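this one's structure only:
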RNA sequence: CGGGGUGUGGCGAAGUUUGGUAUCGCGCUUGGUUCGGGACCAAGAGGCCUCGAGUUCGAAUCUCGACACUCCGACCA
């Protein structure tokens, strides 16, 4: 009997992270009911539970955008080929992965239309129409839409052909102001990641070869996943006046001279959900930071056929709903099944309420992050639950930060990089670089890891480039990436 | 896009070598007993074997092609 039960559990369990991290990830996204595959490659259904996580992300970020003066707009889905082609670097960067619409009904279109891979060109066309005077600047726009990039290999949330995102597009009178905006939005992302997602990030500009198609500077957020690989989780670009010149956006300044304005764009995507899974998840499934958890407290009535239990659990759930996202699971499944199920879905807190608890006027609270059980007086929940939720966020953040620190290696030579990676596994490698693309490629060639960004938090690891030995200009964060 | 693996009820698999009309576990439905870590009994329902061509009296099984998923590379949020 006992053996049979154990066997059953093994069959239904997800693959362990250690055994196969990629398979573990796929198991979690499926079993936590985040996504379902469709018949179109790289296009997934984001199921209600997964979409609810996205909605919380949206809500929190949108508030931050609005608080800094941004407005939401909506640009069309289609971009005519001629418009996409106006900025040379931009089209070269995106052309290989755009999807084209060639027919309307039965008739071939005179000019084919691409499905937006990003909307710089549409914003530029629009700005050219509406900006005439210095009084029209700045424009601080954002949109929440989906975009399409015809990726060759796809993975749920990490790389899909259609994905949801927000793209901010701003236009300013001066380069300084635009650069400041680029930094400001990066900082907003950092704050969102750290406070709401409990994910520490490394930030800094991308190298020349790695920046966004058409950008002067690309600032990136890099997060470390549990397996030591890097995931780019957001970017903020400074465009200078390159797009303005390519699209003929001009305004008349206070000095009555025509001038080109300066632009930025910045974006984050549903990839953040993937980051969440791979940063906090464990062998029991998803672990969600409370800020974006669709359910923060799951109430599980135990022995709910006993008189009064279900009613008490229902009343308690309603009471909790005044200050947190609480839900009761009164399904006919056994308590053990419910425990496992809600752990799989990453619910931060579980509240067990049974006849014994009712008699003593307390309940059992179980944290998802540590598994720790505490017995709490029913009258103290208004105080205890918010504290626990905060504590869960803090613990998740600290844990992720420790993982990042433990897997950050400071190296002085290519040999050292190879040795560290071989001995300690994937991670961030901090090493000096001369600034030459040849050496960037050289590091990739020799060690297999690529440059992620040039961290703002620079350290002087040595004076010379790890690749060529010449005088170093920057410390670069290198890593294997998703 | 290059290299591997896989595709059989909702999920996981057996069956494919040696062609004969599909089996098991979980899940699902109904009724009952249970309930503090993935409960149990009984009775049911559910499958153009990924799709398309071909070979054959006959194809899940053999041949060719397509598609999807997945892993490892190259590229990207």
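Nice, thanks for sending it over. Note that the structure is predicted; figures quoted are calculated from it, not measured. Residues are numbered from 1 along each chain as shown, chains lettered A, B, ... in the order given.

In chain A, where is pLDDT below threshold?
Using pLDDT under 70 as the threshold, the predicted model of chain A has low-confidence ranges A:1-13.

Show me it divided up by domain.
Listed domain ranges for chain A are A:21-280, A:295-390, A:408-479 (source: automatic domain parsing).

quick one: what helix or strand has the residue nearest the centre of chain A in it?
Centrality entry for chain A: nearest residue to the mean C-alpha point is residue A:272, 1.8 Å, by Cα atoms, centre = their mean. Counting by DSSP states H and E, the element that carries residue A:272 is helix A:271-280.

Could you confirm whether that helix reaches RNA strand B?
Yes - against RNA strand B, helix A:271-280 shows contacts by Cβ under 7 Å from any atom of the strand at residue A:271. All C-beta atoms are positioned from the backbone trio N, CA, C, and that covers glycine.

Show me what that helix is packed against.
Helix A:271-280 makes packing contacts with helix A:21-31, helix A:48-67, strand A:217-224, strand A:230-240, helix A:381-406 when contacts are defined by 3 or more Cβ pairs under 8 Å, 6 or more residues apart in numbering; DSSP states H and E.

Buried ones in stretch A:91-98, by neighbour count?
Of the residues in stretch A:91-98, those buried under the neighbour-count criterion (16 or more other Cβ atoms under 10 Å) are A:91, A:93-94, A:98.

again, but for stretch A:316-325
A:316-317, A:320, A:324-325.

Up against RNA strand B, what does the stretch 101-250 of chain A have?
Residues of the stretch 101-250 of chain A lying near RNA strand B (Cβ under 7 Å from any atom of the strand): A:149, A:151-161, A:163, A:165, A:210, A:212, A:232-233, A:235.

Quick check: which element contains residue A:93?
Under the assignment here (DSSP H and E), residue A:93 is part of helix A:88-94.

For that helix, which outside residues touch it?
Contacts to helix A:88-94, defined as Cβ atoms under 8 Å, 6 or more residues apart in numbering, come from residues A:84-85, A:117-118, A:120-121, A:149, A:212-214, A:242-243, A:246.

now with 7 Å?
Applying Cβ atoms under 7 Å, 6 or more residues apart in numbering, the set of residues contacting helix A:88-94 from outside is A:84-85, A:117-118, A:120, A:213-214.

which strands and helices sit next to the helix or strand residue A:441 falls within?
With elements taken from DSSP H and E, the one containing residue A:441 is helix A:437-447. Based on contacts counted as 3 or more Cβ pairs under 7 Å, 6 or more residues apart in numbering; DSSP states H and E, the elements that helix A:437-447 packs against are helix A:414-424.

which outside residues touch the helix it packs on?
A:407, A:409, A:411, A:429, A:431, A:443, A:446-447, A:466-467.

buried ones in stretch A:103-114?
Neighbour counts using 16+ other Cβ under 10 Å place A:113-114 of stretch A:103-114 among the buried residues.

Over to residue A:14. Which of the three states is it?
Classification of residue A:14 by DSSP: H, G, I helix; E, B strand; the rest coil places it in coil.

Quick check: the nearest residue to residue A:437 once chain neighbours are set aside vs residue A:177, distance?
Across the structure, with Cβ to Cβ, 6 or more residues apart in numbering as the measure, the residue nearest residue A:437 apart from its sequence neighbours is residue A:209 (5.4 Å). Computed with Cβ to Cβ, to the nearest Å, the distance linking residue A:209 and residue A:177 is 28 Å.

Look at those two and report which has more neighbours.
A side-by-side neighbour count of residue A:209 and residue A:177, using other Cβ atoms under 10 Å, places residue A:177 first with 17 against 10.

For the more buried one, give me its contacts.
By Cβ under 7 Å, 6+ apart, the residues touching residue A:177 are residue A:138.

if we can go back for a sec, out of the residues of the stretch 101-250 of chain A next to RNA strand B, which end up buried?
A:149, A:151, A:154-161, A:163, A:165, A:210, A:212, A:232-233, A:235.

And the residue located most distally from the centre of chain A, its phi and psi?
Going by Cα atoms, centre = their mean, the residue of chain A most distant from its centre is residue A:307, 45.7 Å out. Taking degrees, to the nearest 10, you get phi -60, psi 130 for the backbone angles of residue A:307.

and the stretch 301-450 of chain A, which of its residues are near RNA strand B?
Residues of the stretch 301-450 of chain A found near RNA strand B (Cβ under 7 Å from any atom of the strand) are A:302-305, A:332-337, A:339-341, A:343-344, A:350, A:352-357, A:363-364, A:366, A:371, A:444, A:448, A:450.

Before I go, just wanted to say thanks for your time.
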